[in-house]
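**Student:** give me a 3D structure for the following:
(chains A and B)
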Amino acid sequence: MIDLEKAPALLRHATEALEGAFSGDGAPDPFAVRRTAAKDAFEAAGLPSTRDEAWRYTDLRPALKPDYAPAAPASATEADLEAARIDGLDAVRVVVVNGRFDAEASDLGGLPEGVTVASLAETARQSPDALADTFGAHVRVERDAFAALNAALSLDGVYVHVPKGVALERPIHVVNVLTADTPTFVQGRNLVVVGETAEVKVIETYVVRGDAATFRNDLTEIVAGPAANVTHVRIQDEGDEANAVTHVQSYQERDSTVSTLTFTFAAGTVRNNSVMVPAGEGGNATIGGLYICHGAEHVDTNTLIDHVAPGCESNELFKGIIYDQGTGVFNGKVFVQREGQQTNAYQQSQGVVLSPDAHHYSKPELEIYADDVKCSHGSTTGAIEPEHVFYLRSRGVSEADARAMLLYAFAHDVVEMVPVEAVRDHLDARIAERLK
Amino acid sequence: MSLLSVNNLHVSVEDHEILKGLSLDVHPGEVHAIMGPNGSGKSTLASVLAGRDDYEITEGSVSFDGEDLLEMDPEERTREGLFLAFQYPVELPGVSTHQFLRTAVNSVREHRKQEPLSVGDFLKLMREKAEFVNLDPKLTQRSVNEGFSGGEKKRAEIFQMAMLDPRLAILDETDSGLDIDALRIVSEGVNKLRSQDRAFVLITHYQRLLNYITPDKVHVLVGGRIVRSGGPELAEELEEKGYDWLIEESSVAA
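**Tutor:** Numbering: from 1, shown residues only, chains lettered A, B, ... in the order given. Here you go, the predicted structure:
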């Protein structure tokens, strides 16, 4: 149980909000049952600490210290939209401000017939049946206190539904704005449901308006139907006061492909949890990311790929570049259940550590209960290869340029996993800036 | 005046002396071959001249066009006009050959107080030089040396040399591991780049390379010293007799 006297402000406010959410006022909540369960799960679990193996390298206390208040309703400004712009990206734009869908700032023109991009709360009120099988259906709140907190508290978010057979060519760009004149926390929520053979690409970016500390606790659920194809890309680049715990949960039916990629350039303390479940035969799950940590940035990546079905493939590639007193953590688990015969699972984690005070902790885990599988994992942490630097210098390139070129090359193959050119260009430019 | 002047150079690696008083003078336009058995210090010489770390110079000096070469960073040496073709060129996945060479060429040009090349002019230069040294232009579209065969890597080194237009090129066992066709192509590239203003130091174990590139001077390096110098005929003598007679002679002398 949580001792509220000693608990951080976020938790006190969260608990108050929880009480409010269940006081019966406001709009009817079709998911009240799930909220109650999530509230109970959260209270049972309490906040994790570094004594928990899964949180060993990430101490959330400093990030939880500011006197966070829940984000209040607000609207996006022109400046917010400008800050979120990705040059050359032709996308359906969805704007979320302080966790609430901002219909006015969104630009949903040109969506094909049958495709829904809407407020999650609105959808839940108007057609709760549409969400009954998917919303909160796969996330295991009893295993994750933050996911539980989100499930209990999130008020709104983005609902994307692409029906059977529709391939959405333009990506959906979700712009998440957070106003922070004072310390602010928010529970962001997305649900992406993609029907049989349908396709969608969702790009998420984040903007903070204001200088105060922020704490995001996001939960994104992806449900991919048979032979569906889903790409999910996140670019975390809000500045060193932006703290986050995020959870991506994907559930895949047979022959579907889901890819979730996370790029972290500027952040305070960030923990990114992902759970991918290729649950039908022939599924393909890809997860990747790049984190570049400066100053005291702390980026912790925790992944689980749960092979519960036969004949699926998973590919995992994470890269970290750590400067200054930064910390990168990678803990990736691949679980092959007894039913997961003919699984191919590949995992790679690579870190480059560029200063004596920088740290990278990498822990790959394979747990295999099937006897006919191909699994491999590789984990390297090191410095830049001196012979490579020397080769470039011996061609007249300065040492600084040589190092930047090599780091850029190191980072670039994660960028190549992104199937949208404008986003790749944006990432390349940001990487080049961060490596200067 | 000498372009390169090495005087009584002593070099150690981890307290083990490799070069024990090596002297060498190279004038503009000359091609010198430095031959020697394994472990004689050939590659150490190339590495020290190019500025690789981990070598301790305990005695002697090296000047390049009158300036103290040993004081310069590796990139500075290259900008001054020295080029080392590596024995083992590294593969750099993800580093674009275009971007890398444009940075390299422009940093050399900047040092020479020339305007940087525009993208268009750079691509033109690259096409010309690739053709000049008979390099498949497709290789320049790839990452630096990535997935190249041994022969392609050595050809790419000669191509990079042509791009950077050095005054002194050091080829560190560029012939090793090459089949006869690749050796011919590499040698042709070098011969085309020979000029009155450009000097070469060819470091090699085998006389074979010198069938294609006729040196002005041949030096035999044994035990960290040059034990004999001569003209091209010395290489032929080595081909006939091997290195043993010189090793014996030098150990008697020592």
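
**Student:** report the closest residue of the stretch 151-300 of chain A relative to chain B.
**Tutor:** Residue nearest to chain B within the stretch 151-300 of chain A (C-beta to the nearest C-beta): A:L290, separated by 12.5 Å. Bear in mind the C-beta positions are built from the backbone N, C-alpha and C, glycine included.

**Student:** confidence score at that residue?
**Tutor:** Looking at A:L290, its pLDDT reads 98.

**Student:** what's the burial count for it?
**Tutor:** 26 (other C-beta atoms under 10 Å in any protein chain shown).

**Student:** roughly how far apart are the nearest residue to it once chain neighbours are set aside and chain B?
**Tutor:** Leaving aside its sequence neighbours, A:L290 sits nearest to A:V414 (C-beta to C-beta, 6 or more residues apart in numbering or on different chains; 4.4 Å). Distance, A:V414 to chain B, using C-beta to the nearest C-beta, to the nearest Å: 10 Å.

**Student:** do you have the helices of chain B handy? List them.
**Tutor:** Ranges of helices within chain B are B:42-50, B:74-80, B:97-111, B:119-132, B:150-164, B:180-193, B:232-241, B:244-253, based on DSSP state H.

**Student:** distance to A:G328 for those helices - can I get that in a markdown table?
**Tutor:** As requested, the helices of chain B are exported to a markdown table (distance: least, C-beta to C-beta, whole Å):
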| stretch | distance to A:G328 |
| --- | --- |
| helix B:42-50 | 34 |
| helix B:74-80 | 30 |
| helix B:97-111 | 26 |
| helix B:119-132 | 35 |
| helix B:150-164 | 33 |
| helix B:180-193 | 43 |
| helix B:232-241 | 55 |
| helix B:244-253 | 53 |
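
**Student:** by mean pLDDT, show me the worst of those helices.
**Tutor:** Among these, helix B:244-253 carries the lowest mean pLDDT, at a mean of 74.

**Student:** identify the residues contacting it?
**Tutor:** By C-beta atoms under 8 Å, 6 or more residues apart in numbering or on different chains, the list of residues contacting helix B:244-253 from outside reads B:37, B:220, B:222-223, B:225, B:227-228, B:238.

**Student:** B:H219 contacts B:L24, doesn't it?
**Tutor:** Yes: counting by C-beta atoms under 8 Å, B:H219 touches B:L24, with 6.8 Å between them.

**Student:** mutual contacts of the two, please.
**Tutor:** Counting by C-beta under 8 Å, 6+ apart, the residues touching both B:H219 and B:L24 are B:32, B:34, B:226.

**Student:** list the beta-bridge partners for the last one.
**Tutor:** Here B:I226 sits in beta bridges with B:L221, going by DSSP bridges.

**Student:** I figured it was touching B:S23, is that so?
**Tutor:** Yes: in this structure, B:I226 is within contact of B:S23 by C-beta under 8 Å, at 6.9 Å.

**Student:** name the residue in these two with the higher neighbour count.
**Tutor:** Higher neighbour count among B:I226 and B:S23: B:I226, with 21 against 13, using other C-beta under 10 Å.

**Student:** quick one: contacts for that one?
**Tutor:** B:22-24, B:34, B:219-220.

**Student:** and if you look at A:T327?
**Tutor:** Counting by C-beta under 8 Å, 6+ apart, A:T327 makes contact with A:57, A:293, A:297-300, A:358-361.

**Student:** recalculate using a threshold of 10 Å.
**Tutor:** Residues near A:T327 by C-beta atoms under 10 Å, 6 or more residues apart in numbering or on different chains: A:57-58, A:269, A:291, A:293, A:296-300, A:320, A:353, A:357-361.
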